[in-house]
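Enquirer: following is a predicted model, sequence given first.
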Amino acid sequence: MHYFISETALDGSVYSCDKICISGKIGYHFLDVFSSELSSFLISSEVGQGIESEKYPFGYKGLKKYTYYERFGVRFFRNNFDLLLSDDTSFYFAYSHNAQIYNKNECRWKIELNPNKCMPCEFVSNFINLVISRSKPSSVTISQMDIAIDFTVSRFNVYLEKDNRIYTKIDSGTDNVTEYLSKHNENGFVKLYNKTKESNLDYDLTRLEITVKDLSYTNFKSVFPKVHIYNNNQMTFDDDRIDSLSQNDQIFVLLLRMHPEYLKKLTDRKKQKFRPFLSADAPLLEPDINCYVNLIEKVRDTFNVPK
């Protein structure tokens, strides 16, 4: 896996910035100058298709082309850019929000990208620096970030508890199950899925993604879901309580450890009976405060975003 900005937790899981939205404001009196500079920068940076392989060395990453379009709904930005890089990754930039189109004081903008895919790239860094350098310093902020947590465990052995957030499940068979909590782009949106399948890896990797709009650790911890990691290779029963379960019940517990989603189908009496045996080998994944704080600091430093 390629990580542009990452931190390794004490439990071996890797925290990374999977997507980031940077927002800010440009003084309205400076908007014409900014628009002209942006146009010149894009034109001078663009490399035509089929040319970059001749002009640049192997591994070069720059702007292949960009697409400009306008949107007029009150929820959208007027000026929009989809920027395609030479390795076919892309990012998004927009400015002049329609809700403030007649505001003569300031112009809002937004950059949205996945650093793990788009960076390192000199063009992307220069683009972000250009926009931020023309903005009001106090206005530049990280308005949203997707924190990805990767752990080398089969998706088959990971269980997400439901809570009061909206729950959605997409089952594509075997261990290729994707689960969601909350709505996309909301603070506390959760996605748990099989990264091995998505990225065609030759080893087990499960990814937990959490969207945060408040970067404080307090907020991150408050939206952190209850995720159990089962170790089917070391399933054991408490010897002091083993006699309390019949052989049939022991088989039930083993099956529930592999498929904890079936617990809800049991009677309340059975749930109470089996529940103590289900958590012994399935500890909760705990957020790592130092890992998270260090990651946020790295992200702020990389993109020159003040606290």
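Expert: Everything's here; your move.

Enquirer: give the pairing partners of the strand ranked longest in the chain; include direction for each.
Expert: Scanning the chain for the longest strand, with DSSP state E as the assignment, gives strand 14-27. Strand 14-27 pairs in its sheet with strand 6-8 (antiparallel), strand 106-113 (antiparallel), strand 141-151 (antiparallel), by DSSP bridges.

Enquirer: adding mean neighbour count, mean pLDDT and distance to S16, write the ones you listed out as a markdown table.
Expert: Using the backbone N, CA and C atoms, a C-beta is placed for each residue, glycine as well. Output for these, formatted as a markdown table (neighbours: other C-beta atoms under 10 Å; pLDDT from 0 to 100; distance: least, C-beta to C-beta, whole Å):
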| stretch | mean neighbour count | mean pLDDT | distance to S16 |
| --- | --- | --- | --- |
| strand 6-8 | 18 | 95 | 4 |
| strand 106-113 | 21 | 94 | 13 |
| strand 141-151 | 20 | 96 | 5 |
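
Enquirer: let me have these in TSV, extended by distance to L266.
Expert: Shown next, in TSV, are the strands paired with strand 14-27 (distance: least, C-beta to C-beta, whole Å):
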stretch	distance to L266
strand 6-8	38
strand 106-113	44
strand 141-151	28
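
Enquirer: show me where the stretch 51-200 of the chain has helices.
Expert: 52-55, 115-118, 122-133, 195-199 (DSSP state H, counting those that start in this stretch).

Enquirer: okay, those helices, which one's buried deepest?
Expert: The highest mean neighbour count among the helices of the stretch 51-200 of the chain, using mean count of other C-beta atoms under 10 Å, belongs to helix 115-118: a mean of 20.

Enquirer: I22 and V299, how far apart?
Expert: 10 Å (C-beta to C-beta, to the nearest Å).

Enquirer: now do the phi/psi pair for the residue nearest to S222 when sequence neighbours are not counted.
Expert: The shortest distance from S222 to any non-neighbouring residue, by C-beta to C-beta, 6 or more residues apart in numbering, is to G188 (7.8 Å). G188 has phi and psi values of phi 90, psi 10 when expressed as degrees, to the nearest 10.
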